[in-house]
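>>> need the 3D shape of this:
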Amino acid sequence: MKNNIFASVLLICLTNVSLFGQISTDRIIKVNSNQSAGKFNTMFKECVGAGRANEGLRADWQQQLAMVKKECDFKYIRMHGLLTDDMAVYREDSKGNPEYNYQYVDVLFDFLISIKMKPFVELGFMPNALASGKETIFWWKGNVTPPKDYKKWEDLIRNLTQHFTERYGADEVKTWYFEVWNEPNLTPGFWTGTQAEYFKLYDYAVRGIKSVNPDYKVGGPATAGAGWVPETIAFCDKNNVPIDFISTHSYGVGQGFLDEFGQSGTVLSKETSSVSGDVINSRKQIASSVKPNLELHYTEWSSSYTPADPIHDSYHSAAYILQKLKQVGNAANSMSYWVFTDIFEEPGPRFTPFHGGFGLLNTQGIKKPAYFSYSFLNKLGETELQNTDTSSWATKNKKGDVQLLFWDFTYTLPEATNNQQYYIKDLPSKYKGKVKIEVAGLQEGNYNLEIYKVGYKSNDAFTDYLGMNKPNQLTKEQVKKLKENNNGSVFKIEKLTVDAKGNFSKEIEMNENDVYFLNFIKQ
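The predicted model follows:
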């Protein structure tokens with residue numbers, strides 16, 4: 001009997017080692033500042049999304065974007081609705097002759113250029129005077145029908161491209177990207193035509209752009225769910241239609257593609273390769289095609305495709321974003337996060353300060369945990385260091401200072417529960433064990449070690465908002481308090497002295513979905 005009890009206890013112990021090995025075997029991140037892995041790939045900040053062009057005329061939108069540019073340094077911005085009627089681009093006179101107007105577009109693009117950003121020009125949706133039908137999408141009624149006259153569509157795109165050239169110069173416009181439409185494989189959502197009609201739309205748009213300058217970059221198909229990539233390349237090859245890049249989209253939920261009101265009950269995918277698997281597969285599709293060197297731009301991606309998903313507000317998003325970007329590696333030329341701000345009106349203006357919006361910032365400019373994924377990434381140095389840990393980056397800047405960004409991503413969504421039910425709660429994080437940091441090759445001398453953190457109740461504005469009992473409207477004082485408590489400032493500064501051996505080590509206790517950024521600054 002005693003032997004049986006002993007065997008049972010031994011079995012339980014062994015089982016615990018297997019199930020909970022990370023508690024007894026600490027995670028180690030080991031880097032050497034003299035062991036370079038090459039130039040750090042910054043595809044994560046090449047582009048960011050915004051809702052629609054007309055929102056970019058708002059003062060608060062522009063103020064937020066200027067801050068995002070300064071702290072996260074995105075290079076391009078992509079948005080819907082450049083050609084919709086609220087931008088007053090196109091109409092026809094009584095005889096059916098086109099009339100063009102770019103006054104609103106100029107205000108927007110002049111602002112982007114002024115803060116050293118570039119437009120990733122999405123060509124859509126259809127001006128009503130040029131549309132073949134009345135079907136629209138979203139509260140702001142973007143027309144999603146093919147043109148009634150493809151030649152007039154081509155002429156519009158040519159005229160617009162010529163205007164850009166005259167206003168900003170050919171050398172500048174050569175650095176832009178022109179993307180034809182948005183998610184034409186979602187019918188009748190974003191496109192009432194067929195795939196063949198989309199390819200016709202693309203063909204005529206390319207003619208218009210390339211007739212102004214053959215060096216301007218045009219691409220598509222800007223599809224949902226990584227669709228139509230081989231078909232688009234095959235069409236362009238067969239018909240001798242230029243294409244300079246592939247663009248498509250992916251979101252981290254396992255069902256559906258369009259739900260601006262968040263009524264379907266989205267569920268964060270359990271698949272480890274969610275999002276990143278799409279990106280890697282798209283790269284493989286391009287590599288095996290007749291145009292293997294095409295650039296690949298994911299012009300939308302996020303944990304969820306609805307702007308009514310509380311995961312976007314949750315601290316879980318910070319680690320999720322970093323995990324997906326790390327998994328993508330070098331497969332994409334850009335990964336454009338959808339979007340930078342909750343000033344975003346697809347379902348109409350929102351009535352509460354936290355509503356699961358896509359933004360890195362909420363409407364009042366309060367920084368969500370997701371914001372810090374990008375501001376921390378932007379603090380990394382130019383040279384990546386060799387590192388075998390799969391949930392971290394180590395870098396060195398031009399001064400020789402070392403940076404380390406690491407995180408834990410843990411899937412915590414319970415079975416038979418959707419995002420809208422789960423991420424609206426106060427969700428304390430569980431302990432995950434210690435991470436041992438070992439840095440070799442440091443220069444001898446004194447350092448300030450800056451430690452930044454995001455996690456539960458740390459740069460976690462939504463949990464603070466829950467602590468305020470979720471007011472539908474925030475007072476000035478509440479906004480100020482939320483901004484001050486979640487401003488991404490240094491969590492802790494430690495004074496270090498590194499001897500001639502150049503080694504440093506430290507243990508940090510991690511909870512689920514914590515994100516840490518360490519900056520070794522030599523004095």
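>>> now do the helices in the stretch 201-350 of the chain.
Ranges of helices within the stretch 201-350 of the chain are 229-239, 276-287, 316-328, based on DSSP state H, counting those that start in this stretch.
>>> with only the CA atoms kept, save the last one in CSV.
So the one you mean is helix 316-328. Taking Å, rounded to 0.1, in the frame of the first residue of the first chain, the C-alpha atoms of helix 316-328 are listed here in CSV:
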residue,chain,number,x,y,z
HIS,A,316,-3.4,41.3,-23.8
SER,A,317,-3.1,43.1,-27.1
ALA,A,318,0.4,44.5,-26.4
ALA,A,319,2.0,41.0,-26.2
TYR,A,320,-0.2,39.7,-29.0
ILE,A,321,1.0,42.4,-31.4
LEU,A,322,4.7,41.7,-30.6
GLN,A,323,4.2,37.9,-30.9
LYS,A,324,2.7,38.2,-34.3
LEU,A,325,5.3,40.6,-35.6
LYS,A,326,8.1,38.4,-34.4
GLN,A,327,6.6,35.4,-36.0
VAL,A,328,6.3,37.2,-39.4
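>>> report the angle between it and helix 276-287.
30 degrees (axes from the mean of the first three to the mean of the last three C-alpha atoms, to 10 degrees).
>>> let me know the pLDDT of M1.
Reported pLDDT at M1 in the predicted model: 41.
>>> quick check: bridge partners of the spatially most central residue of the chain?
A centroid search over the chain (C-alpha atoms, centre = their mean) returns Y337, at 1.4 Å, as the residue closest to the centre. Beta-bridge pairing for Y337 (DSSP bridges): V48, W301.
>>> wait, doesn't it sit right on W301?
Yes. Contact status for Y337 versus W301: in contact at 6.4 Å, counting by C-beta atoms under 8 Å. Placement of C-beta: from N, CA and C, glycine included.
>>> doesn't G81 make contact with M87?
Yes. Contact criterion C-beta under 8 Å: M87 and G81 qualify, at 6.7 Å.
>>> between the two, which contacts overlap?
Common neighbours of M87 and G81, using C-beta atoms under 8 Å, 6 or more residues apart in numbering, are A53, N54.
>>> could I get the helices of the stretch 201-350 of the chain as a markdown table with mean neighbour count, distance to N418 and mean pLDDT?
Formatted as a markdown table, the helices of the stretch 201-350 of the chain follow (neighbours: other C-beta atoms under 10 Å; distance: least, C-beta to C-beta, whole Å; pLDDT from 0 to 100):
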| stretch | mean neighbour count | distance to N418 | mean pLDDT |
| --- | --- | --- | --- |
| helix 229-239 | 18 | 30 | 98 |
| helix 276-287 | 19 | 21 | 98 |
| helix 316-328 | 25 | 14 | 98 |
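>>> am I right that L427 is in a strand?
No. Secondary structure of L427 (DSSP: H, G, I helix; E, B strand; the rest coil): coil, not part of a strand.
>>> list the contacts of it.
So L427 contacts S314, Y315, H316, T412, Y456, T463 (C-beta under 8 Å, 6+ apart).
>>> can you pull out the strands in the stretch 201-350 of the chain?
Secondary structure of the stretch 201-350 of the chain by DSSP state E, counting those that start in this stretch: the strands cover 217-223, 245-251, 295-302, 334-337.
>>> now the ones you listed as JSON lines including mean pLDDT?
Listed next are the strands of the stretch 201-350 of the chain as JSON lines, based on pLDDT from 0 to 100:
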{"stretch": "strand 217-223", "mean pLDDT": "98"}
{"stretch": "strand 245-251", "mean pLDDT": "98"}
{"stretch": "strand 295-302", "mean pLDDT": "98"}
{"stretch": "strand 334-337", "mean pLDDT": "98"}
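>>> could you save these as JSON lines and add columns showing distance to Q285?
As requested, the strands of the stretch 201-350 of the chain are arranged in JSON lines below (distance: least, C-beta to C-beta, whole Å):
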{"stretch": "strand 217-223", "distance to Q285": "12"}
{"stretch": "strand 245-251", "distance to Q285": "8"}
{"stretch": "strand 295-302", "distance to Q285": "9"}
{"stretch": "strand 334-337", "distance to Q285": "17"}
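>>> any idea how far L361 is from the residue nearest to the centre of the chain?
12 Å (C-beta to C-beta, to the nearest Å).
>>> now swap in L404 and tell me
From L404 across to L361, the span is 26 Å (C-beta to C-beta).
>>> state the mean pLDDT of stretch 36-49.
Across stretch 36-49, the average pLDDT comes to 98.
>>> next one: it to chain centre, how far?
Relative to its chain's centre, stretch 36-49 lies at 12 Å (C-alpha atoms, centre = their mean, to the nearest Å).
>>> do the same with stretch 324-341
Computed by C-alpha atoms, centre = their mean, the chain-centroid distance of stretch 324-341 equals 6 Å.
>>> pLDDT weak spots in this structure?
1-25, 255-263 (pLDDT under 70).
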